[in-house]
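# Structure of the sequence below:
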Amino acid sequence: MSRVCDLCGRGPQKFVQRSHANNKTLTRKLINLQVKTIDGERKKVCTRCIKTLKKNAK
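Reported below is the predicted structural model:
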């Protein structure tokens, strides 16, 4: 399963989690993907794109 937005192409980002002992652990921060029907097609779209689509529809 792809975790990339079909509209803007955003995907997961790497970031470093730090403990109190300053150990670093590389983790992935996933974007919030929702399945929406746009123009009759089901697409995985990030919530940022959903917000922009809603704003531009007015």
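
# can you pull out the helices in this protein?
Taking DSSP state H as the test, the helices found in the chain are 47-56.

# Tell me where it is predicted with low confidence.
Along the chain, segments meeting pLDDT under 70 span 1.

# and with 50 instead?
Applying pLDDT under 50 to the chain flags no residue at all.

# For it, list the residue farthest from the centre, please.
residue 21 (30.5 Å; Cα atoms, centre = their mean).

# Point to the residue nearest the middle of the protein.
Centroid-nearest residue in the chain, with Cα atoms, centre = their mean: residue 31, separated by 2.6 Å.

# Who does the nearest residue to that residue once chain neighbours are set aside form a beta bridge with?
The shortest distance from residue 31 to any non-neighbouring residue, by Cβ to Cβ, 6 or more residues apart in numbering, is to residue 46 (5.0 Å). Any C-beta I mention is one placed from the backbone N, CA and C, and that applies to glycine too. Following DSSP bridges, residue 46 is listed with bridge partners residue 33.

# Run a quick neighbour tally on residue 46.
If you count neighbours by other Cβ atoms under 10 Å, residue 46 ends up with 21.

# show me the contacts for it.
Each residue near residue 46 by Cβ atoms under 8 Å, 6 or more residues apart in numbering is listed here: 5, 7-8, 10, 31-34.

# Thanks a lot, see you next time.
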